[in-house]
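Visitor: the following comprises the amino acid sequence and a computationally predicted model.
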Amino acid sequence: MYIGPYQLSNNLIVAPMAGVTDRPFRTLCKYFGAGHAVSEMMTSDQTLRMTKKSLYRANFDGELAPISAQIAGSEPEQLAEAARYQVSNGAQIVDINMGCPAKKVCNKLAGSALLQDEDLVARILDAVVNAVDVPVTLKTRLGYLNGQENILRVAKRAEEAGIAALALHGRTREDMYLNTARYHLIKEVKQLISIPVIANGDIDSPEKAKYVLDYTGADAVMIGRAAQGRPWIFREIAHYLKTAEYLAAPNIQEVKDVLLGHLSELYQFYGEYSGCRIARKHIAWYTKGLHSSNEFRQNMYKLESTLEQAKVVEQYFDHLLDQGNLMSDVQVESVNLLDV
């Protein structure tokens, strides 16, 4: 699959997720076989560009190409300027967020709220595409309200504007993350336009990925919440798509090694205070469903230093290894975070 001039190594893409897809997480998913990853959304508001959070989100140092920066906002010229800024910051692809359903985003008429105003959508697409000389992609939903899905018009307008690829979550904003993703409209979009279409929503297993690719005809699948605490899902899906066989799940030793490596990267990236706190949700995802994990997590949440945190994680997994507890059919659940 190509996005503009960039050929991806495969058709498995990490979805942009607020508070999750930072550089350490993107790097880890790519290590496990993701062909592409999109950054967390970054506001187009220039007054917030130099905040600590924004600087972390715009950190692409040493990241494997192509680097994709997602921008969010509601003013065409602001978004155009934000696109230019991210390109100067190292982005090789700019992604426009028209899919986030979060209230704090939609209340500013950004994210999926934009789907209520197709004229504004068109002006944003034109402004951003014309502002930069790199590929511009679009992440969006089926529409704002159920029964008023307008994705076919939006998709066609995106193609006309010069959007290089369209990632489509199979829900409306009204759905949030309830109900099930609807793939039939993704299929219709793929039949309507010629640019690459990326299917997103409820893809949580190798067989589901294959089904969605086959049913929709999409060029790629985008995986979000299912990768939280389970970055090896990309390895599993890639193997299944290639061989029609299941790859063995990682054993406890590998999970331990991956998690400790992930923690080390988070601590180095964010520093002591933020690193310890941001790591908590990742530890929770990695350990969901493991023996005595709830008790372990409640104690882990109380720790205030990275040294203590890493130590108790190592001790917990060493205890599992001593007891011979193997990982099997662990379902990783999202904890109050949005797949945008």
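Guide: Looks like it arrived, so ask away.
Visitor: please parse this protein into its domains.
Guide: Listed domain ranges for the chain are 2-243, 252-328 (source: the TED database).
Visitor: mind putting those domains in JSON lines, mean neighbour count included?
Guide: All C-beta spots, glycine's among them, are computed from the backbone N, C-alpha and C. Listed next are the domains of the chain as JSON lines, based on neighbours: other CB atoms under 10 Å:
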{"stretch": "domain 2-243", "mean neighbour count": "20"}
{"stretch": "domain 252-328", "mean neighbour count": "16"}
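Visitor: save these as TSV, and put in mean pLDDT too.
Guide: Below are the domains of the chain laid out as TSV (pLDDT from 0 to 100):
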stretch	mean pLDDT
domain 2-243	94
domain 252-328	94
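Visitor: show me where the chain has its strands.
Guide: 2-3, 6-7, 12-14, 36-43, 68-72, 93-98, 136-141, 165-169, 197-200, 220-223 (DSSP state E).
Visitor: got those as JSON lines, with distance to residue 232 columns?
Guide: JSON lines is the format used below for these (distance: least, CB to CB, whole Å):
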{"stretch": "strand 2-3", "distance to residue 232": "24"}
{"stretch": "strand 6-7", "distance to residue 232": "24"}
{"stretch": "strand 12-14", "distance to residue 232": "12"}
{"stretch": "strand 36-43", "distance to residue 232": "15"}
{"stretch": "strand 68-72", "distance to residue 232": "22"}
{"stretch": "strand 93-98", "distance to residue 232": "24"}
{"stretch": "strand 136-141", "distance to residue 232": "24"}
{"stretch": "strand 165-169", "distance to residue 232": "22"}
{"stretch": "strand 197-200", "distance to residue 232": "19"}
{"stretch": "strand 220-223", "distance to residue 232": "12"}
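Visitor: what segments of the chain are helices?
Guide: Along the chain, counting by DSSP state H, helices occupy 23-31, 52-57, 76-88, 103-106, 118-131, 151-161, 184-192, 206-216, 233-243, 252-270, 272-287, 293-300, 306-323.
Visitor: tell me who's in contact with residue 279.
Guide: 263, 266-267, 306, 309 (CB atoms under 8 Å, 6 or more residues apart in numbering).
Visitor: now swap in residue 129 and tell me
Guide: By CB under 8 Å, 6+ apart, the contact set of residue 129 is 136, 161-163.
Visitor: distance check, the closest residue in space to it that isn't next to it in sequence against residue 223.
Guide: Spatially, and ignoring its direct neighbours in sequence, residue 129 is nearest to residue 162 (4.4 Å; CB to CB, 6 or more residues apart in numbering). Distance, residue 162 to residue 223, by CB to CB, to the nearest Å: 26 Å.
Visitor: which residues sit in contact with the spatially closest residue to residue 140 that is not a sequence neighbour?
Guide: Counting by CB to CB, 6+ apart, residue 140 lies nearest to residue 98, which is 4.1 Å off, once chain neighbours are set aside. Listed by CB under 8 Å, 6+ apart, the contact set of residue 98 reads 111-112, 114-115, 121, 124, 138-141, 154.
Visitor: which strand residues bridge residue 37?
Guide: Beta-bridge pairing of residue 37 under DSSP bridges involves residue 14.
Visitor: quick one: residues contacting it.
Guide: Shown in contact with residue 37 (CB under 8 Å, 6+ apart): 13-14, 21, 26, 29-30, 68.
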